[in-house]
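Q: A structural model of the following input is requested.
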Amino acid sequence: MKFYFSFLLLLLTSVSLFSQSVNVTGNIVDGSGSEIPFASVVFTTNKDSINSSGTLANENGIFSLTLKKDDYVAVISVAGLVSKKFRFNFLNSEDSIELGELIIEAETQLEEVVVRNTTSATKLDIDKKVYDVSKDLISKGGTLLDVMQNVPSVQVDADGSLSLRGNANVLILLDGKPSGFTSGAEFLRSIPSSSIAKVEVITNPSAKFTAEGDAGIINVILKKGSVKKLNGSAELFTGYRLNIGTNVNLNGATKNGSWYTNTGIGYSEPLGKSRISLDNFQTTPDSTEQISDRLRKQVYALLNVGGSRNLNEKQTLSGSITYRKVKADNENFTNYEDFKDRELTSIINRSEEEEQKGNFVQGRTDYSILLDTLGHKLELGISGEFANDFDNARILESTLFPNPNDDGIDLTSNQENRRQFLLSADYILPLLRNAKFEIGYLATLSSTENDFGVSTASETGFVNIPEFTNETEYRENVHAFYTQYGKSWETFSYKVGLRSETTSILIEANASNFEQRKNYTDLFPSLFFNFTPRETGSYGLSFSRRIGRPYYKLVVPFSSYTDNRNIFVGNPDINPRYISSAELSYSGNVFEKFQINPTLYLRDTKNESEFFVEKSVITVGSETREVFASTIANIGNYTAYGLELGISYEPTNWWNIYLETTFNGFKQVGSFRGASFDGEGLLFYGRFNQTISLLKSMKFQWQNNYRGPIETGQYRRKGIYYMNFGLSNNIFNDKYTLTVNYSDVLNSNKRVVTSYGSDFIRELELQNRVPQINISLSYRFDSKSRVKEGLQYDDIKIIN
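A: Numbers count the residues shown, from 1 in each chain. So this is what the prediction gives:
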């Protein structure tokens, strides 16, 4: 092994005396990281300004050309934007050089030049989809949860959970790094939409990414520093239902680095609704109607500060600190109406006043060392995350009919502490002839402690209910190693990788003296091919193996307690899912301003898990109760296959259309506790978005979303259709933007699921949030000097 690395390093430092040309590639972006399409790139030698070579970047801002090895000045220009110069020295470079991202300032050079940008918010790449949040009018004044409803390939369920192509087992990354606390609607509600730069959707990740998340990866990228001394924006928003707050984003650059800060504070009162209709075949009451309202009165705050500093020409140190705080006073109301032979027998009301407090702190430091040649580097990272949640509730149950009475008071308390530490190392070694070798390590060390207690009123005071009181701990450590090798030619490239993950899990429940340990090691290979026969399109073929580890709340053997007729019980015996997936995709232009991205995919899952509902009898103190208990279990195998088609079309310079359809066929074979989960069918998803420039600076967005019905195993879900509107207008010399949006215009974004048991039928209707109207006013500012005559310069030195 030592000889191998020594040999590679020796090759790396040897420059061919016979090579007279260099292939140069780069990616042109603006200060926010968004790609700038069709920019002009001209390279001129310093010693002879007459001799020059040039090209145009493609629709993704990527350019490539072959030059003689020399000392160059590159001029990058786009109509209406500030042109920029970069200096490069390729005299002693390798035969192929990747310049990475070249940033130009996206601001007008002359006041009389007006750039009307109606480019779609969605960019379709061969290996991912990128959603530019700055072009999303619907989520203004909202949160990350609102943004996710507009991201391609992503569906947001009525309970706030996310899914990709119908699969809810999604891994969410924050700035490309895994986090233990990015799951669930609570996290999605705590980040303002104005702090987000873009969202990337990767449905078939390579071995370099963590193998978790069998449906794929959603990477949320927060706003960072720019090339300006000072740049930023401020936003005020309000809405109905009540939603009010402000966000401020500042970023800038110094001679040796950049910095940024995102901060926001808000108050909102989202209202959620649910309904359960139950038919019992063997017990009394024989039917029940249950209606619930959940009102969240929440205050949230976010502070994200970070930056990077170039220690010298080869070393860069970057870091960030994120703090989130949430406080909510929730009011939950549930009304039960019981019937026998269609005659009303009782009305019971259950009201809950809940106080929630949550804090989250994350710190991360990254250290990058550029070694002997361009692209040869070592990256080290360390991060720590700490979170705690405190929930206290007072639950009052009263009988309204036939004999009005206060039945009792219950008190619940829940304290949860979570910690996670990440250690990472990545080594990237460019080889001769456009090849690259990578190797890396990631340690993810996490633990969750949960203390849950329930007490009920008695003649002597409040006494604990042992069946719902417990202290649990869940620890999960994952040690991962990966290696990856890739090589590219003019029109063809491939990448092969292998990842190993060793998982160690400990589950403890003190009240029941329960302890369980699990240890397993798995291999996850990946293989990617890319073929680009012409500049207007490329083909991709990929294979990968992934894992879906169950979320800790699904594993801990403990029952929830809010609705005493419907509870959830964790299953410590559930095992991970293993997924093998393949994709064949194309991304390109049929003709000018008409881009398509069809993808054929196949996903085979072993140890598939499903939720299971059954009637159960539990004992609370000396009282016997019949409840509907839900749990999760491995039921068998699941195969999904289908076609996903994304189309981006700009018929005119004032009208942009994005259409996305997914036809997802599936077959499931499995059973649990005598219940069959066999099923097969076709599931359809559709999204149709339009952005129209009505006037010089006014834009209108109309979004349509549809999820087809599905029937499998124990449940059947109805189809869902909903639409959103957004309208924005730049005012006061385009420094301010006024935006109005209306989410779920038809009040139709509701999940309706019917579950079937041997002795019951239960229909659940769930609405995470009723329709919402938001109004926001944003202000953009920067601190820049007058543009000098001529071109602006950046110096980039090529390390040989």
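
Q: By residue count, tell me the biggest strand in this protein.
A: Ranked by number of residues, the top strand in the chain under DSSP state E is strand 623-652.

Q: Now the element after that one, going C-ward?
A: strand 655-672 (DSSP states H and E).

Q: Distance-wise, check Val464 relative to Thr143.
A: Quick fix: residue 464 reads Asn, not Val. 37 Å (CB to CB, to the nearest Å). Bear in mind the C-beta positions are built from the backbone N, C-alpha and C, glycine included.

Q: Quick one: distance of the longest strand of the chain to the chain centre.
A: 17 Å (CA atoms, centre = their mean, to the nearest Å).

Q: What residues of it count as buried?
A: Residues of strand 623-652 classed as buried by neighbour count (16 or more other CB atoms under 10 Å): 627-636, 638-640, 642, 644, 646-650.

Q: In terms of neighbours, single out the busier of Asn464 and Thr143.
A: It is Thr143, of Asn464 and Thr143, that has more neighbours when counted by other CB atoms under 10 Å, with 27 against 13.

Q: Make sure that one is actually in contact with Leu188.
A: Yes: the criterion here is CB atoms under 8 Å, and Thr143 meets it with Leu188 at 6.5 Å.

Q: what touches both of those two?
A: Taking CB atoms under 8 Å, 6 or more residues apart in numbering as the contact criterion, Thr143 and Leu188 have no common neighbours.

Q: give me the beta-bridge partners of Ser585?
A: Taking DSSP bridges as the rule, Ser585 bridges to Gly540, Thr599.

Q: Pull the number of nearby residues for it.
A: Ser585: 23 surrounding residues under other CB under 10 Å.

Q: cool, and Val617?
A: 9.

Q: Begin at 59, not 1, for the rest of this chat.
A: In the new count, where the first residue is 59, that last one comes out as Val675.

Q: Could you measure from the residue lying closest to it once chain neighbours are set aside over to Asp396?
A: Nearest residue to Val675 in three dimensions, chain neighbours excluded: Glu684, at 5.5 Å (CB to CB, 6 or more residues apart in numbering). Noted for Glu684: a distance of 12 Å to Asp396, by CB to CB.

Q: ok, the residue nearest to Val675 touching Ser674?
A: Yes: in this structure, Glu684 is within contact of Ser674 by CB under 8 Å, at 7.4 Å.

Q: quick one on the thing from earlier: what residues are up against the residue nearest to Val675?
A: Contact analysis of Glu684 by CB under 8 Å, 6+ apart lists 341, 673-675.

Q: one more time with 10 Å
A: Counting by CB atoms under 10 Å, 6 or more residues apart in numbering, Glu684 makes contact with 338, 341-342, 623, 673-676.

Q: what do you get for Pro460?
A: Pro460 sits next to 402-405 when contact means CB under 10 Å, 6+ apart.

Q: With Asn475 as the reference, measure out to it.
A: 46 Å.

Q: again, but for Tyr499
A: Separation of Tyr499 from Asn475 (CB to CB) stands at 27 Å.

Q: thinking again about what came up before, where is pLDDT lowest across the contacts of Glu684?
A: Across the contacts of Glu684, the bottom pLDDT score, 71, is held by Thr342.

Q: pull the helix or strand with minimum mean pLDDT from the protein.
A: Lowest mean confidence among the helices and strands of the chain (mean pLDDT, DSSP states H and E): strand 850-853, at a mean of 33.

Q: Tell me the secondary structure at Leu246.
A: With DSSP: H, G, I helix; E, B strand; the rest coil as the basis, the three-state label of Leu246 is helix.

Q: That one touches Ser197, doesn't it?
A: No: with contact defined as CB atoms under 10 Å, Leu246 does not count as touching Ser197 (11.4 Å).

Q: When those two are compared, which one has more neighbours?
A: Taking other CB under 10 Å, Leu246 and Ser197 do not tie; Ser197 has more neighbours (27 against 21).

Q: Would it be right to say that that one lies in a strand?
A: No: using three-state DSSP, the assignment for Ser197 is coil, not a strand.

Q: how close does it get to Ala132?
A: To Ala132, Ser197 is 37 Å away according to CB to CB.

Q: try Ile86
A: For Ile86 relative to Ala132 (CB to CB), the value is 11 Å.

Q: Find residues that contact each of these two.
A: What both Ile86 and Ala132 touch, as defined by CB under 10 Å, 6+ apart, is the set 99, 121, 142, 157, 160.

Q: For those residues, give me TSV that also has neighbour count and distance to Asn225.
A: Listed next are the shared contacts of Ile86 and Ala132 as TSV, based on neighbours: other CB atoms under 10 Å; distance: CB to CB, whole Å:
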residue	neighbour count	distance to Asn225
Val99	21	40
Phe121	23	36
Lys142	21	43
Leu157	18	37
Leu160	21	37
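
Q: Just those residues: which are in strands?
A: Using DSSP E, the subset of the shared contacts of Ile86 and Ala132 located in strands is 99, 121, 142, 157, 160.

Q: In TSV, list these along with pLDDT and distance to Val278.
A: Conversion of those to TSV gives the following (pLDDT from 0 to 100; distance: CB to CB, whole Å):
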residue	pLDDT	distance to Val278
Val99	83	31
Phe121	80	28
Lys142	77	29
Leu157	79	26
Leu160	79	24
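
Q: and the residues you listed, which two are the farthest apart?
A: The most widely separated members of these, counting by CB to CB, are Phe121 and Lys142 (14.0 Å).

Q: Okay, buried residues for whichever helix or strand Asn450 is part of please.
A: Following DSSP H and E, one finds Asn450 within strand 435-459. Judged by neighbour count (16+ other CB under 10 Å), strand 435-459 contains these buried residues: 435, 437, 439-441, 443, 445, 447, 449, 451, 453, 455.

Q: Done for today, thanks.
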